[in-house]
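> Got a sequence here, can you build the structure:
(one chain, ligands or ions: 2)
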Amino acid sequence: MRRPYVLSSAAVSLDGCLDDTSPEPLVLSNEADFDRVDEVRAGVDAILVGAGTIRADNPRLLVRDGKRRQARVDRGLPPDPVKVTLTASGNLDPEASFFTTGESEKLVYTSSGANVSARLRAVSTVVEANDIEAVLADLASRGIRRLMVEGGQEMHTRFLTAGVVDELHLAVAPFFVGDPAAPRFVGPGRFPQSPRNPMVVAETRQLGDVVVLRYLAGQAATDFTRLREAIALADRCPPSHTFRVGAVVTDAANNVLATGYSGETDPHDHAEEAALAKLAPDDPRLVGATLYSSLEPCGARASRPVTCTGHILATGIARVVFAWREPELFVEGEGAEQLRSAGREVVELPELAHLVRRANTHLPGVGPA
Ligand SMILES: NC(=O)C1=CN([C@@H]2O[C@H](COP(=O)(O)OP(=O)(O)OC[C@H]3O[C@@H](n4cnc5c(N)ncnc54)[C@H](OP(=O)(O)O)[C@@H]3O)[C@@H](O)[C@H]2O)C=CC1
Ligand SMILES: Nc1c(N[C@@H]2O[C@H](COP(=O)(O)O)[C@@H](O)[C@H]2O)[nH]c(=O)[nH]c1=O
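Numbers count the residues shown, from 1 in each chain. Ligands and ions are numbered 1, 2, ... in the order given. Predicted coordinates:
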């Protein structure tokens, strides 16, 4: 199924509560964490909360920072992400801030037969969808590629148990709520991320007294783990005056087929080339395979006639995942664009680029890590 990348985000107390039972929303984040959440909001196409959160918190769900709003406009996007909610009852106040603030589109997903008022229809687009998968498929059809789920308890439970959450951000506040009636981050359910299938910890960050935990699941977790392995392989590169790069090739089931690193058998070897040299281009296991490279595969090259992009395109490799876009030190690259225009999926994980830079500080212009 085609669906958006789903990033769930919540602030919780030490006992896992999203709120207390007082009429006012509980503030769990501090200023620095609200700013982090604002940055995440600015990076998505749509923000979703359940109808319970609209009734309890009356959120606006806007990007607050003016520079971030302008940066979105400069990228051809509306200043605020699309707002999305789910209701089975249709019990939503058209005067709620969700509907009255911001210029972005407001989408209300509801199960068939719900009683949706004409006033609510006047301020939103109402779509019938009976499960999370149908909501996500419809969002994808509207061009939503990144969705942020901000709560509350029922939404987090439904999205996580449906196995559609790719990334989870938890901001942990340094206090307890202690009230058994307070909403927890999630309720009971069958979660695909069990002790035998845990999430991958991508980052831990301290923002004053709030600790932010970032987890990945599914393909996002696999890509993060394999790319870190590729980055670590660059430690094996012999001393050189060119890039130190590592590469891992996996089949469609995530089994490693080959690995390589720059200068592995000859000073001119690129990492991807060294890995692919261990496989025949028509190896059937390369159909649907993924190549992980710490650096963007080269799209132009001075040292040899065939670029790494050319080597990849000669195989059935379906996906290429890399961390650092090739800085134009030696030749103009554009390997990613060449691969994309040839129909291969290209995933960039710039959050790991600092590790690749650190392995390449010997190059002019890269500077200290
Ligand atoms: N700390 C934090 O980061 C956050 C805290 N919160 C807190 O969370 C609490 C709210 O959580 P909660 O009450 O669980 O509410 P939710 O926001 O999770 O919304 C639940 C509602 O979603 C609707 N819904 C659920 N499943 C479906 C479905 N399949 N189809 C259509 N509609 C559906 C129902 O609406 P209906 O009843 O209309 O049918 C249901 O009542 C509040 O206390 C709020 O402060 C919220 C967000 C963030
Ligand atoms: N209380 C709380 C959060 N609450 C979330 O923020 C929403 C309010 O958004 P807005 O009206 O745009 O400011 C609210 O509905 C809920 O989804 N989020 C956090 O990161 N940390 C917090 O401590």
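
> So which bits of stretch 313-332 are buried?
Across stretch 313-332, burial judged by 16 or more other Cβ atoms under 10 Å covers 313, 315-317, 319-326, 330. C-beta: built from backbone N, CA, C; applies to glycine.

> Kindly report the same for stretch 155-175.
155-162, 164-173.

> Cross those against strands and list the overlap.
167, 168, 169, 170, 171, 172 (DSSP state E).

> Dump those into a markdown table; add distance to ligand 1 and pLDDT as well.
Formatted as a markdown table, those follow (distance: Cβ to the nearest ligand atom, whole Å; pLDDT from 0 to 100):
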| residue | distance to ligand 1 | pLDDT |
| --- | --- | --- |
| 167 | 15 | 98 |
| 168 | 12 | 98 |
| 169 | 10 | 98 |
| 170 | 9 | 98 |
| 171 | 8 | 98 |
| 172 | 11 | 98 |
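
> Show me what from the stretch 101-250 of the chain comes close to ligand 2.
Within the stretch 101-250 of the chain, the positions adjacent to ligand 2 are 150, 151, 171 by Cβ under 6 Å from any ligand atom.

> Is there proximity between stretch 34-47 and ligand 2?
Yes: for stretch 34-47, a contact with ligand 2 is found by Cβ under 6 Å from any ligand atom, at residue 37.

> ok, residues contacting that stretch?
Stretch 34-47 has contacts (Cβ atoms under 8 Å, 6 or more residues apart in numbering) with 4, 7, 9, 11, 29, 61-65, 68-69, 71-72, 77, 81-84, 107, 139, 143-148, 150, 169, 171, 207, 212.

> Who does residue 211 form a beta bridge with?
Beta-bridge pairing for residue 211 (DSSP bridges): residue 172, residue 206.

> how close does it get to ligand 1?
14 Å (Cβ to the nearest ligand atom, to the nearest Å).

> do residue 222 as well
In this view, residue 222 and ligand 1 are 27 Å apart by Cβ to the nearest ligand atom.

> how far away is that residue from ligand 2?
Using Cβ to the nearest ligand atom, we find residue 222 at a distance of 28 Å from ligand 2.

> ok, now which ones touch the nearest residue to residue 227 once chain neighbours are set aside?
Distances taken as Cβ to Cβ, 6 or more residues apart in numbering put residue 292 closest to residue 227, at 4.9 Å, once the chain neighbours are dropped. Residue 292 sits next to 223, 226, 227, 229, 230, 247, 248, 249, 250, 321, 322 when contact means Cβ under 8 Å, 6+ apart.

> hang on, residue 292 is in a strand, isn't it?
Yes: applying DSSP: H, G, I helix; E, B strand; the rest coil, one finds residue 292 inside a strand.

> SS state for residue 109?
Of the three states, residue 109 takes strand according to three-state DSSP.

> from memory it sits against residue 86, does it?
Yes: if you go by Cβ atoms under 8 Å, residue 109 and residue 86 touch, sitting 4.9 Å apart.

> residues touching the closest residue to residue 349 other than its chain neighbours, list them.
Using Cβ to Cβ, 6+ apart and skipping the chain neighbours, the partner closest in space to residue 349 is residue 323 (5.3 Å). For residue 323, the contact set (Cβ under 8 Å, 6+ apart) comprises 227, 231, 294, 295, 348, 349, 350, 351, 352, 353, 355, 356.

> Using CSV, write down the CA coordinates of the helix or strand residue 323 falls within.
Assessed by DSSP states H and E, residue 323 sits inside strand 319-324. Taking C-alpha atoms only, strand 319-324 is exported to CSV below (Å, rounded to 0.1, in the frame of the first residue of the first chain):
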residue,chain,number,x,y,z
ARG,A,319,16.9,1.3,-3.7
VAL,A,320,19.9,3.3,-2.8
VAL,A,321,20.3,4.8,0.7
PHE,A,322,23.1,7.2,1.5
ALA,A,323,24.0,9.7,4.3
TRP,A,324,26.2,12.4,2.7
